[in-house]
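**Q** here is my input, please return the structure:
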Amino acid sequence: MIRLLAVFAIAAIPALAPAAMGKVALQLKWRHQFQFAGYYVAAQMGYYRDAGIDVEIREANPDMNFTDEVVQGRAQYGINNTDLLIDRVEGKKVVVLAVIFQHSPDILLSLAKSGLSSPKDFIGKRVMLTPGTEAEIYSMFANESVPTSAIDFIPHSWNIEDLVSGRVDAVSAYTTNESLVLKARGIRINEVRPLTYGIDFYGDCLFTSEAELHAHPARAAAFLAASLKGWDWAMDHVEETCDLILDKYPSGKDKASLMAEAAAMDEIMVHKFVPIGVMNPGRWRHVGDTYAKLGAIPADYSLDGFLYDPKAPTVDPRTLKLVITILTAAMAASVAYILILRTFNSRLEIEVASRTAGIEELNRALSAEVQERKEKEKLIAISLGEKEVLLKEVHHRVRNNLQVIASIINMQIAGTGDFRIHDMLKTLRSRVFSMALVHERLYGGDSISRIDMDEYLRTLVEEIVMAYQRPGLAMATEVEARGIVFAAERAMPIGLIVGEIVSNSMKHAFNDRAAGRVEVRLRRAGPGYELRISDDGTGLSREAASRANDARDGGGIGFLLVDALASQLGGKLNREAGEGLTYLLAFA
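**A** Numbering: from 1, shown residues only. All right, here's what the predicted structure looks like:
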């Protein structure tokens with residue numbers, strides 16, 4: 001609450017001068033809620049004001065067309081879904097600046113008693129959608145060969161009671177909103193997600209118009225930067241942000257509902273792995289191809305000008321044409337002047353040419369050789385660049401696939417009441433996270449083949465400790481691997497070893513404890529390296545540790561995996577009993 005008061009105090013400080021870039025309006029796609037938290041933070045923390053922009057944040061109503069609000073100039077910026085691509089192809093000059101949700105929250109929501117659990121179940125049913133949008137839902141039906149003509153579509157009323165009362169059989173909804181509302185009321189529901197059927201679209205795209213971008217390129221860049229800064233703060237300070245919304249942007253939701261919405265958003269934003277706002281042209285191409293297959297846009301559609309590029313020229317074409325005309329006239333005058341000079345100097349040129357013919361021939365030979373070498377160097381550079389782009393794309397795709405696996409595991413964890421299976425799924429998630437983290441570092445780092453082990457292990461340990469954290473247990477961690485950089489094939493087994501051992505410590509070493517400590521140290525030792533992992537938990541007796549070392553058995557499949565990974569690195573893992581338990585791996 002103290003930090004929230006500080007936020008309000010900062011927001012209350014008056015600007016020293018009028019906004020240098022003028023006043024703009026941001027059109028939301030629904031009423032105030034955590035879905036738009038980043039923009040509220042940017043306004044209340046003064047990020048927009050510091051950028052010289054006065055921003056008005058507007059709620060939506062059910063009859064509003066969000067694209068038209070921006071294209072027709074009533075707002076300069078807006079939020080919409082991937083239907084923006086259809087609008088662009090139809091002639092509405094919109095430009096996507098960033099995406100907030102890496103995976104769309106769009107679903108078809110029904111009551112559990114209806115038995116509607118797959119696309120084919122909706123044949124002959126009354127389904128409430130928003131007219132002119134919801135291409136994601138239609139694409140799911142097309143993918144599953146379900147004829148939309150066999151479904152009774154009804155315009156959306158935006159009243160969830162139409163579903164509860166049975167007026168309709170299903171409604172389009174968000175996993176971050178309507179699903180949570182019904183669950184909080186104790187109503188059992190079914191969710192059919194397009195993502196399950198191969199329709200993996202972005203959600204909540206921040207966009208503007210070409211007119212705004214061409215007229216105010218600096219303002220668009222500043223607005224985007226301030227908005228993303230607000231999102232980073234909001235997702236790192238969820239509770240304070242909920243208090244801010246309740247105070248400044250109330251809409252009827254209580255704090256518990258806002259916190260639940262934030263948790264649901266965390267799953268689809270995956271901001272711990274992908275920076276907020278990042279979008280991939282390949283993913284947009286997938287969206288466009290899906291729309292083309294649906295018949296919503298032609299197969300020869302283009303993404304040119306649709307995705308924001310801060311490096312793209314923003315010069316008015318008429319100005320550019322005038323500049324070209326002036327340059328052409330100047331060039332013609334220069335050519336005429338050169339011709340006149342050549343006429344006066346022709347005799348001198350002939351004499352000089354006769355004396356320097358030999359030198360020129362030699363120069364031509366040298367120039368040809370230099371040019372040939374330059375062409376070869378250029379081809380080599382292009383080849384290396386293409387390989388680097390390909391490798392980064394591979395890492396990106398592998399990382400995205402692992403993120404999907406992690407999300408599925410999270411869903412399984414949330415859906416099981418068996419604590420043994422719950423722990424097994426958490427262990428599996430830690431293994432997936434350690435592998436995904438390697439590909440994240442390779443995709444986002446300066447090198448496509450090297451991993452900074454200090455940063456990697458620190459992030460990995462913090463994530464595992466957080467995943468197993470329980471109320472009443474205060475954990476301290478210390479990770480040290482400064483100056484050590486490994487290739488991916490070495491970093492991956494080390495990360496899996498650390499993940500297994502730290503996970504095991506969190507599950508077993510601190511039962512009935514109020515505090516605990518885990519240390520991971522990787523250092524050079526002679527010609528090789530030494531990895532030491534220790535905790536101050538209950539530990540093993542020296543006899544039990546000795547038997548475990550001799551038998552190569554740590555007590556389960558996890559430690560069989562650890563010993564196998566240690567052998568892969570050319571070392572052997574030893575356990576040392578004492579105050580807590582220490583694992584020591586020496587490898588070349």
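
**Q** from Ile464, how far off is Met424?
**A** To Ile464, Met424 is 15 Å away according to C-beta to C-beta, to the nearest Å. For the C-beta atoms, the positions are set from N, CA and C on the backbone; glycine is no exception.

**Q** likewise for Val432?
**A** Remark: distance between Val432 and Ile464 (C-beta to C-beta) = 12 Å.

**Q** just want to know which of the two has more residues nearby.
**A** Comparing Val432 with Ile464 by other C-beta atoms under 10 Å, the one with more neighbours is Ile464, at 26 against 19.

**Q** check which helix or strand covers Glu372.
**A** Glu372 is part of helix 317-415 when elements are defined by DSSP states H and E.

**Q** mind pulling up the pLDDT for the residue lying closest to Pro131 once chain neighbours are set aside?
**A** Counting by C-beta to C-beta, 6 or more residues apart in numbering, Pro155 is the residue found nearest to Pro131 once chain neighbours are left out, at 5.3 Å. Looking at Pro155, its pLDDT is 91.

**Q** isn't Arg188 right next to Ala112, touching?
**A** Yes. Between Arg188 and Ala112 there is a contact under C-beta atoms under 8 Å: 3.8 Å.

**Q** higher neighbour count, the two?
**A** Neighbour comparison, Arg188 and Ala112: the larger count goes to Ala112, with 13 against 9 (by other C-beta under 10 Å).

**Q** over to the more buried one: give its phi and psi.
**A** phi -60, psi -30 (degrees, to the nearest 10).

**Q** thought Glu191 was touching it, still the case?
**A** No. Using C-beta under 8 Å, Ala112 makes no contact with Glu191, being 9.9 Å away.

**Q** partners of Tyr174 in the sheet?
**A** For Tyr174, the beta-bridge assignment (DSSP bridges) gives partners Asp106.

**Q** per-residue pLDDT, it?
**A** Looking at Tyr174, its pLDDT stands at 91.

**Q** got the contact list for it?
**A** Residues in contact with Tyr174 (C-beta atoms under 8 Å, 6 or more residues apart in numbering) are 35, 105-107.

**Q** partner strands of the longest strand along the chain and their direction?
**A** In the chain, taking DSSP state E as the definition, the longest strand is strand 515-525. Applying DSSP bridges to the sheet, strand 515-525 is found paired with strand 474-480 (parallel), strand 528-535 (antiparallel).

**Q** report the distance from the longest one to the chain centre.
**A** To tie it back to what came earlier, the one meant is strand 528-535. With C-alpha atoms, centre = their mean, to the nearest Å as the basis, strand 528-535 stands 33 Å off its chain's centre.

**Q** likewise for the first one?
**A** With C-alpha atoms, centre = their mean as the basis, the distance from the averaged C-alpha position of strand 474-480 to the chain average is 27 Å.

**Q** isn't the residue nearest to Pro131 right next to Arg126, touching?
**A** No. Applying C-beta under 8 Å as the test, Pro155 and Arg126 come out as separate, 11.5 Å apart.

**Q** pLDDT score assigned to Arg58?
**A** Confidence score, pLDDT, at Arg58: 96.

**Q** nearest spatial neighbour of it, skipping sequence neighbours?
**A** Gln27 (5.3 Å).

**Q** from the centroid of the chain, which residue is nearest?
**A** For the chain, the residue nearest the mean C-alpha position is Val274 (3.2 Å; C-alpha atoms, centre = their mean).

**Q** gap between that residue and Ile137?
**A** Distance of Val274 to Ile137, given as C-beta to C-beta: 25 Å.

**Q** and for Lys378?
**A** Distance, Lys378 to Ile137, by C-beta to C-beta: 48 Å.

**Q** the two: which is more packed in?
**A** Between Lys378 and Ile137, counting by other C-beta under 10 Å, Ile137 is the more crowded of the two (24 against 10).
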